[in-house]
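K.L.:
my questions are about this predicted structure, shown below with the sequence.
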Amino acid sequence: MRLLYTLFIQIYTFSITCYAAVNDKANLWINGRKDWKKKLQSFNFKGHDIYWFHCASLGEFEQGRPLMETIKADEKNKILLTFFSPSGYELRKNYKMADWVLYLPADLPKNAEFFINAVNPKAVFFIKYEFWFNYLFELKKRAIPVFLVSGIFRESQYFFHWYGAWARKQLGAFSCFFLQNQKSLELLNNVGFKNAIVTGDTRFDRVLQIMKERKRMELLDVFVKNTMVTVAGSTYVEDEKLLKKANNFLEKSHLKVKFIIAPHVVTQNRIREIEGIFGIDQCVRFSIMKAEDMHKKVLIIDNIGMLSSLYGHATLAYIGGGLGKGIHNTLEAAVYGIPLIFGNKYHKFDEAKALIETGAAFVVTNEVALNNKLLSLFSDEKLRKSIGLKSSNYVTEQKGSLAKIIDELKMRNIL
């Protein structure tokens, strides 16, 4: 089975190589891994306690970040950070708390062997759901401790079916699974893994930290002054078209509302699309916003990295993606104690379900539903505040995952 798995990885890598000729992200994926052995050999790993963190992309990085920064607080510890996706690496390749940042080389036996021999980590942390079986094989062979952080499992995964027997066996490389919920624990226990504990989701600790460290931007304070604001995060075209219709409805209802829109993909074409939807005369881009633009209706965020702070300026939040493949991060909005609205593709996210159940978030799938919800929320300040309190309370009640993980690592003499 390992041969078949390796063959699949080879075919996958070859496919991306071919696709790189016509796709920028695939091109970054391939070019970012060129000469990785030379880069690795240029790093001074010897004589250090190396803690290797691997993240699929930016979201997983944010989950692993609280633990990374806690470990790095001890100066003798060194952090190696790897990414699978360009959307994580390109944004965090200069992350100051990591001593070295790399793309993860393709999961082939020789690559894994070379990589582990060069790094010789004291401990390894895979975030949420990264399972690279050749790397796990080499780590287990060397008895290097491996941990899954903020792990989450679902019954539909191949690990829990007859055809996943080989893959399930590879999970034996993990020293401990730090899990988000009880269901994941039960699934692992049912297939024989007893080295798992429910520690919760480190994202709760992370968003609370972001809120605490957030710096207000005076220009944004002026833009939102004396008006209600919808911050729409990680939006797609279908989200923006719906929000435009909502804007027309709110104007007819004589409600003064502004929009701050942070699209999921920031390109010139996407920015122009948003300007076309709302009307270019109504829009201003953040990068060129001046004092004379404060009367504009729509602020378009044309950079990456601001969204988690932008929600601090919001009266309520619209989370993008729910009308397509799935919603994006809800916690970075909920922490500010505001109502949340998103589409019906949220079922893979436990926190979204919990926010709905607690009455802090609302699902809309069409123009009428969104208009009615916005009208009720913007028209009733007391209602907004009571709903917002449910959001912030939910986040606060879930904090503490990091402390549980640190305690377990200390007990195992990893820290």
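P.N.:
Yep, that arrived. Numbering: from 1, shown residues only.
K.L.:
list the residues that contact residue 27.
P.N.:
Neighbouring residues of residue 27 by C-beta atoms under 8 Å, 6 or more residues apart in numbering: 20-21. Heads up, the C-betas are built off the backbone N, CA and C, glycines and all.
K.L.:
check for me that it belongs to a helix.
P.N.:
Yes. Assessed with DSSP: H, G, I helix; E, B strand; the rest coil, residue 27 lies in a helix.
K.L.:
check it and give its pLDDT.
P.N.:
Residue 27 is assigned 94 on the pLDDT scale.
K.L.:
try residue 349
P.N.:
The score at residue 349 is 89. That number is its pLDDT.
K.L.:
how about residue 39?
P.N.:
At residue 39, the pLDDT value in this model is 92.
K.L.:
now residue 218
P.N.:
Predicted confidence (pLDDT) for residue 218: 86.
K.L.:
residue ranges of the strands in this protein, please?
P.N.:
Along the chain, counting by DSSP state E, strands occupy 49-55, 77-83, 100-103, 123-127, 146-151, 176-179, 196-198, 228-235, 257-263, 283-285, 298-300, 316-319, 340-342, 361-363.
K.L.:
domain map for the protein?
P.N.:
Domains of the chain are assigned by automatic domain parsing as 2-200+400-411, 216-392.
K.L.:
just to revisit the earlier point, can you redo the strands of the chain as a markdown table with mean pLDDT?
P.N.:
A markdown table is the format used below for the strands of the chain (pLDDT from 0 to 100):
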| stretch | mean pLDDT |
| --- | --- |
| strand 49-55 | 97 |
| strand 77-83 | 97 |
| strand 100-103 | 97 |
| strand 123-127 | 98 |
| strand 146-151 | 97 |
| strand 176-179 | 98 |
| strand 196-198 | 98 |
| strand 228-235 | 97 |
| strand 257-263 | 97 |
| strand 283-285 | 97 |
| strand 298-300 | 97 |
| strand 316-319 | 98 |
| strand 340-342 | 98 |
| strand 361-363 | 98 |
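K.L.:
those: which one's closest to residue 205?
P.N.:
Counting by C-beta to C-beta, residue 205 lies closest to strand 146-151 out of the strands of the chain; the figure is 10.1 Å.
K.L.:
packing partners for that closest one?
P.N.:
With contacts taken as 3 or more C-beta pairs under 8 Å, 6 or more residues apart in numbering; DSSP states H and E, strand 146-151 sits against helix 58-72, strand 123-127, helix 133-141, strand 176-179, helix 202-213, helix 401-411.
K.L.:
wait, which of the ones you listed is closest to residue 106?
P.N.:
Closest among these, using C-beta to C-beta: helix 133-141, at 9.2 Å.
K.L.:
other residues contacting the closest one?
P.N.:
Applying C-beta under 8 Å, 6+ apart, the contact partners of helix 133-141 are 2, 5-6, 9, 107-109, 111-113, 115-116, 124, 146, 167, 170, 172-174.
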